[in-house]
Every structure is written in structure tokens, then in C-alpha cells.
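Colleague: Would you be able to build a 3D model of this:
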Amino acid sequence: MPWDPVRDLLTMQERLDSLFGQATPGWVPPADVAEYSDEFRVTIELPGLAREDITLDVTANAVTVRGRRPSDGCPTERYQQLERDHGAFSRTFRFGDPIGADGVTADLADGVLIVRIPKTPIRAHRIEVE
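Modeller: Next up is the predicted model:
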């Protein structure tokens, strides 16, 4: 497997969170976060999950995606190889720019969740000195 610095950083973050009692149980689905002029776009790989398996919570500057991938219920005494993660997951994405919480949308297609998070424009204005 080729070296992936992002995966290594996520692993380090999980270990640090665990040390400080902030660990998130379960597995960590891979995600990309892209910034555009008017929005952030989070793309998460969630194969095998249905819409009802996923929840999104939005705050002033963060989006949290939670879900659960059920085990396949395969009746076996012993796995020869087990690589697919199962159980609960939770990912929180924080943004430095203000986000428009009311305009967040999410679409799940072909096992890929795309969350669109609009930026809230910062309006410049002049303040009179009294």
C-alpha cells in the first residue's frame, strides 16, 4: 500500500483524541473536503449505507456526519480475512469561515455522500466613530 500522509495524520489525530478522552468509537470513512468560492464540499465514501443509516448535525462552524454500517450477519465460526469496517462512525468537519447552516444539503448516491455547505458572506460595513 503506498504511503498516504493524510491517512497517517488522521490516525495520529485519532490516537491523540484517545489520549485526551475524545476518541470517537468505530471506524473512520475516508473523506475529502474541498473549498470553493461560495461553498465547502465534503465527500465521504459510505458504501453499503442507506440514507436512514446516516445523520448530519450542523452548528455555526461545523458539520458532524454519523452513521452505522451493520455487520453482514454472516454465520461463520471464524473469518479468514476481515478488512471491511462495521459499526458506528462519527466525523466532524470544522470550518474557519462562517457557514450557512440553513443551506446545508446532503446527497447519497452509489455509496458516496456529498455534503454541500454554503459559506456565509461577510459583509463589510463602516462604523462611525462617536
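
Colleague: what stretches of this protein score poorly on pLDDT?
Modeller: Per-residue confidence of the chain (counting by pLDDT under 70) places the weak regions at 1-3, 6-7, 10-11, 14-15, 17-25, 72-76.

Colleague: so the most centrally placed residue in the chain bridges to which residues?
Modeller: Central residue check for the chain by Cα atoms, centre = their mean: the C-alpha nearest the mean position is that of Arg91, 3.9 Å away. Taking DSSP bridges, one finds Val65 as the beta-bridge partners of Arg91.

Colleague: so it makes contact with Thr43?
Modeller: No - with contact defined as Cβ atoms under 8 Å, Arg91 and Thr43 do not form a contacting pair (11.7 Å). Quick note: C-beta positions are derived from backbone N, CA and C, even for glycine.

Colleague: what residues are shared contacts of these two?
Modeller: With contacts defined as Cβ atoms under 8 Å, 6 or more residues apart in numbering, the residues shared by Arg91 and Thr43 are Ala31.

Colleague: before we move on, back to that, run through the residues that contact the residue nearest to the centre of the chain.
Modeller: Counted by Cβ under 8 Å, 6+ apart, Arg91 has contacts Thr24, Val28, Pro29, Ala31, Ile44, Thr64, Val65, Arg66.

Colleague: Quick check: the farthest pair among those?
Modeller: Between all members of the contacts of Arg91, the longest pairwise span (Cβ to Cβ) is found for Thr24 and Ile44 and amounts to 14.1 Å.
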